[in-house]
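> What shape does this take:
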Amino acid sequence: MGESSRRELPSDSSSAIAQVSSALSSSQLLSYRAAVADLVKEASRCLGPSGLAAAERLVAGRLGQREFASVLSRLDGGVDATAAGLIREIRDYRPSARSSASDLPAFIRILLLSQIDSVWWSGTAPFISDTDVLRSTELVDLTPLRSAKTLQFQYRAQSAGLPGRVRDWTQRQALPKMRPHTAGLRFTRSRPEVVAVVNQIAHELAAALPPRTPRLWVTSMVRSVQHQHRLRSLGYAAVLPSSHCVGFACDVEMQWFRQFDQDNLLSRLLLERQEAGQLNVIDEGQAWHLCVNPLVHDELKAAYSAQLAER
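Predicted coordinates for the structure are as follows:
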C-alpha cells in the first residue's frame, strides 16, 4: 500500500484532532486506567494452571463495565467487536523472553492501556509497509537533526548485517553501561510532535540530574504494520493496531537509565505528562511506551519548529 493510497488527516487538522481527542475526558481516562489496574491485580491473584481460559473469562466479564465501555465504545465496531479482538489477542498470548509482557497479566495490562492510543488515533491511517515509512513526507529524519544538535536524546540505528551486530555485541561486552541492550531503531524517522515532546522531557531530565549524566535513550519510534507483524512473529508483545504505526508513539529506555536516576525522576516526569493529558504512558518493563494525545498535536508541532529555530 503506497503513500498516495493512505488516508491522511487534512493539512489544517486542528478541529479533526480536537474532535477525536475530546471523545475521552480526563475523568474517563482516569477511571479506565484504574479499572485496568484493578483487573490486572485480580488476574495476578487468581490466574492459576487454567491460565488462558481463566483470563478470557475474567476479561470478557469486565469489558462491558462502564469504565471500560466508555473507552472501548469509541473504537470501530464498538465494545463487542473490540472485546472479541482483545480476547483473541489474549488467547494467542505465548510467554517469550523477548516480550515486554513478562507474564499474562502484564500482557493484559499493556493490551488494554494501548486501547487509549487506538481511540486517539483511529482516524489516522497507519504506515502499512516499510516503504511507506521511508517515503513519507510527514516524518522527519533523525540523522540530520542529531548532526545539527537538535536532538536532546540518544538513539542508535539498528545494525544491518552480521559485521554491525558483532560490533554492537563487542561494545556491549566492553562497556556495558555505555548504552542499553537494545536492537536500535529500524527506522530513524519520527513525527515532529514526538521529537518535540521527547526533546522537552530529555531537557527537563538533564537539567535536574548531575552533569555528564547520559541523556535519555529512545529505543523505538515509528514502525510499519509490516514490521509490527515481524516483531510479533519473533515473540515481542507488539499489539495491533499500534500508535507506533501511525508515528505518534515512541519507547524510552528505563531499566538501563535507572543506574543514573536513583530517584526515578524520569518516571515521575512521564507520569506528570500523562496526568496533564499530554501523553498515554505504558510501563513495559525495560522500556516505557509513550503516545501523544491528539489534543496537544498543534502545541507540539509549534514546539518542534521553535526547537529547530534555536539551532
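> Pull up the gap between residue 278 and residue 28, please.
16 Å (C-beta to C-beta, to the nearest Å). Where C-beta positions appear, they are placed from N, C-alpha and C, glycine not excepted.
> So for the two, which sits in the more crowded spot?
residue 278 (20 against 17; other C-beta atoms under 10 Å).
> quick one, helices of the stretch 201-311 of the chain?
225-233, 265-275, 297-309 (DSSP state H, counting those that start in this stretch).
> Let me know which of those helices is the nearest to residue 139.
For the helices of the stretch 201-311 of the chain, distance to residue 139 was read as C-beta to C-beta. The smallest value, 12.1 Å, belongs to helix 297-309.
> The closest one - what's its average pLDDT?
In this model, helix 297-309 has a mean pLDDT of 96.
> tell me which strands and helices it is in contact with?
On a contact count with 3 or more C-beta pairs under 8 Å, 6 or more residues apart in numbering; DSSP states H and E, helix 297-309 meets helix 14-21, helix 192-208.
> Considering those, which stretch scores lowest in mean pLDDT?
Among the helices and strands packed on helix 297-309, helix 14-21 scores lowest, with a mean of 46.
> Buried residues of the very next helix or strand once past it, list them for me.
Going down the chain from helix 14-21, the next helix or strand is helix 26-46, by DSSP states H and E. Neighbour-count burial for helix 26-46, counted by 16 or more other C-beta atoms under 10 Å, picks out 28, 29, 31, 32, 33, 35, 36, 39, 40, 43.
> Closest to residue 296 out of those residues?
residue 29 (13.9 Å).
> from what I can see the closest one touches residue 115, true?
No. Between residue 29 and residue 115 there is no contact under C-beta atoms under 8 Å: 11.0 Å.
> any common contacting residues for these two?
residue 71 (C-beta atoms under 8 Å, 6 or more residues apart in numbering).
> how close does residue 300 sit to residue 75?
The value you get for residue 300 to residue 75, if C-beta to C-beta is used, is 24 Å.
> Which of these two has more residues huddled nearby?
Counted by other C-beta under 10 Å, residue 300 and residue 75 do not tie: residue 300 has more neighbours, with 22 against 17.
> does the more buried one really touch residue 294, like I thought?
No. Look at residue 300 against residue 294 with C-beta under 8 Å: they stay out of range, at 10.2 Å.
> For these two, list the residues in contact with both.
What both residue 300 and residue 294 touch, as defined by C-beta under 8 Å, 6+ apart, is an empty set.
> Run a quick neighbour tally on residue 262.
Neighbour tally, residue 262, other C-beta under 10 Å: 8.
> Local confidence estimate at it?
91.
> Same check on residue 100?
Value for residue 100, per-residue pLDDT: 79.
> Let's verify it: helix, strand, or coil?
coil (DSSP: H, G, I helix; E, B strand; the rest coil).
> going forward, begin numbering at 26 instead of 1
Will do, 26 is the new start, and the previous item becomes residue 125.
> Could you check how far the closest residue to it other than its chain neighbours is from residue 150?
In this structure, residue 125 finds its nearest non-sequential neighbour in residue 309, 3.8 Å apart by C-beta to C-beta, 6 or more residues apart in numbering. Shown here: residue 309 relative to residue 150, a distance of 25 Å by C-beta to C-beta.
> For the two, indicate the residue with more neighbours.
Using other C-beta under 10 Å as the criterion, residue 309 and residue 150 rank with residue 309 on top: 20 against 16.
> residues contacting the residue lying closest to residue 280 once chain neighbours are set aside?
Counting by C-beta to C-beta, 6+ apart, residue 280 lies nearest to residue 311, which is 4.4 Å off, once chain neighbours are set aside. By C-beta under 8 Å, 6+ apart, the contact list for residue 311 reads 125, 205, 278, 279, 280, 281.
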